[in-house]
Structures are given as structure tokens and as C-alpha cells.
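K.L.:
Prediction below, plus the sequence it came from.
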Amino acid sequence: MFDFLQSRIRNLLLRALPPEAFEILQPHMRPVELPLKFEMVTPEVPTEVVYFLERGLASLVATNSDDESVEVGHIGHDGMAGAHVLLKVNQTPNRTFIQVEGSGISVPVSALLSAVEQVPSANDVLLRYVHCCELQLAHSALANARYNMPERLARWILMCHDRVQDDDLPLTHEFLGLMLGVRRSGVTDQIHILEGVHAIKATRGNIKVVDRSKLEDIAGGSYGVPEQEYEKHIGLTIRRS
């Protein structure tokens, strides 16, 4: 058995679990490396393992029959990949894969469901996390409908900054296009706008956050509500100061 200690776990969701639930999961936890493009949830395939990220960034992506794709959620050390199993749904048309390499902890779905059945308060915590994920999606829809492109880009960079825990974000223009639902050339134009006010510095395959406060000013009300809800309902802070 790997010696996972709840007090040393970086994943905020695992740290927020009641100790008795963590102890049930502990024998089933396995450390995993999460390389770039690693697929944690495959569309329309039963999910047998969930992943709690310790480092790195995962994208939850929706794709339709016309092969159009857009990112609908971020997962970092704040959460887990495969949260749909908590709603008693064993597969989903959405895909979840690694956009920034890292590491995490895998847990069989059977063990997770057993733990939440034995410890109802753990089920409450995890369902509150699902609520936060739904809010993230809702505010992405709000941002797409009511905010302009620089504001939306600033919001996504802030969300990545929260989860990657570094000022250098290994984000390609392709990834940013997926996040924003625009072509790569459009992303380049918006990056230049944020560079022009010295909020970020862009190099090939990397976005450096130079002034977070400027990004927050630009993002305005498009950023912050889901992060506040996470702190309120999970009890730990994801938003960086």
C-alpha cells in the first residue's frame, strides 16, 4: 500500500474529505504520472478509474457530430476527472485529457462509490464539487455570451493560473483556441492585446503572467463567482492572491 497522508495531499478535494472516507480510499490510491494528452475520460466508454490531480491541468471537452470541439471545464489540483460517476452515470460523451502535464492519484470507481455510500458526508462534499463544476460551465456560457474576447481570454488565463500554480503557463495557441472556441489567428490577436497592457508575456508555447491584478481587472465580473463558491462549499481556496 502506498503511504498517502491526507495532510500532505496536494489535491484540495481529497484534503476536504472526511478522514474516515479518506481512510477507506487510501488502500486503493495509486500515484500516476499524467503526460500531455493523456486521456482520463474517453467518450462513451464506461469510466472505471477517476483521477485526482496533484499537479498539471486537464480539459473537459465537449464535441458534437460535426466534430466541433470546445473546452467546457478546467480540472487541476482543485478537483477530479470523472466526476460524472458521482451522479450514477458510468459514461459520458465528453472527453477529459491532460493539457499541462503533471501527476495525480487514481482511484477505482468502485472504491470511490463504496466510500461515499459508507460515509454520507463524503458524498455531500463531492456533490458540492459537482455543483462548483456546473457553476464553472454556467459562467463560461455567461462569459461567451456577454463578454468580449480579451475579457474571456483573461478569465481563462486566470483559471489556468489558479490551477497550474506557476506564473509560466505552458499554453499553446491551439489550446487557447480550444478554450475560447476561436481560430488560432484570433487567439494571437487577443494575446497581443493583453501583452500591450503588460498583463502577460507570450513566447512560443508559453504564457507568463506578469500582472495578475491587471488580468483580474480585464476579466471583470466574468471571473470569480465559481472560485468563491468553491471556497464556500469545499472549504479551501483555489483562487490565487
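P.N.:
Arrived safely, thanks for sending.
K.L.:
can you map out the helices along this structure?
P.N.:
With DSSP state H as the criterion, the chain has helices at 12-16, 19-25, 109-118, 120-146, 149-164, 173-180, 184-196, 212-219, 225-234.
K.L.:
packing partners for the lowest-mean-pLDDT helix or strand in the chain?
P.N.:
Lowest by mean pLDDT, DSSP states H and E among the helices and strands of the chain is helix 173-180, with a mean of 80. Under the contact definition 3 or more Cβ pairs under 8 Å, 6 or more residues apart in numbering; DSSP states H and E, helix 173-180 sits against strand 49-63, strand 69-75, helix 149-164, helix 184-196. To be clear about C-beta, it is placed using only N, CA and C from the backbone, and glycine gets the same treatment.
K.L.:
could the ones you listed be laid out in TSV, adding mean neighbour count and mean pLDDT?
P.N.:
Listed next are those as TSV, based on neighbours: other Cβ atoms under 10 Å; pLDDT from 0 to 100:
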stretch	mean neighbour count	mean pLDDT
strand 49-63	22	96
strand 69-75	20	89
helix 149-164	23	94
helix 184-196	15	87
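K.L.:
Between the ones you listed, which one is closest to Leu36.
P.N.:
Closest approach to Leu36 among the helices and strands packed on helix 173-180 (Cβ to Cβ): strand 49-63, 9.0 Å.
K.L.:
in its sheet, what does the closest one sit against?
P.N.:
strand 69-75 (antiparallel), strand 80-81 (antiparallel), strand 95-108 (antiparallel) (DSSP bridges).
K.L.:
so which of the helices of the chain comes closest to Asp66?
P.N.:
Nearest to Asp66, of all the helices of the chain, is helix 173-180, at 15.4 Å by Cβ to Cβ.
K.L.:
related to what we said a few turns ago, and the helices and strands packed on helix 173-180 as TSV, adding distance to Ile234?
P.N.:
Converted to TSV, the helices and strands packed on helix 173-180 look like this (distance: least, Cβ to Cβ, whole Å):
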stretch	distance to Ile234
strand 49-63	13
strand 69-75	14
helix 149-164	13
helix 184-196	30
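K.L.:
Select, out of these, the one closest to Gly221.
P.N.:
Short answer: helix 149-164, nearest of the helices and strands packed on helix 173-180 by Cβ to Cβ, at 9.0 Å.
K.L.:
Next, the angle helix 225-234 makes with that closest one.
P.N.:
30 degrees (axes from the mean of the first three to the mean of the last three Cα atoms, to 10 degrees).
K.L.:
Packing partners of helix 149-164?
P.N.:
So helix 149-164, by 3+ Cβ pairs under 8 Å, 6+ apart, packs with strand 49-63, strand 69-75, helix 120-146, strand 168-169, helix 173-180, helix 184-196, strand 206-209, helix 212-219.
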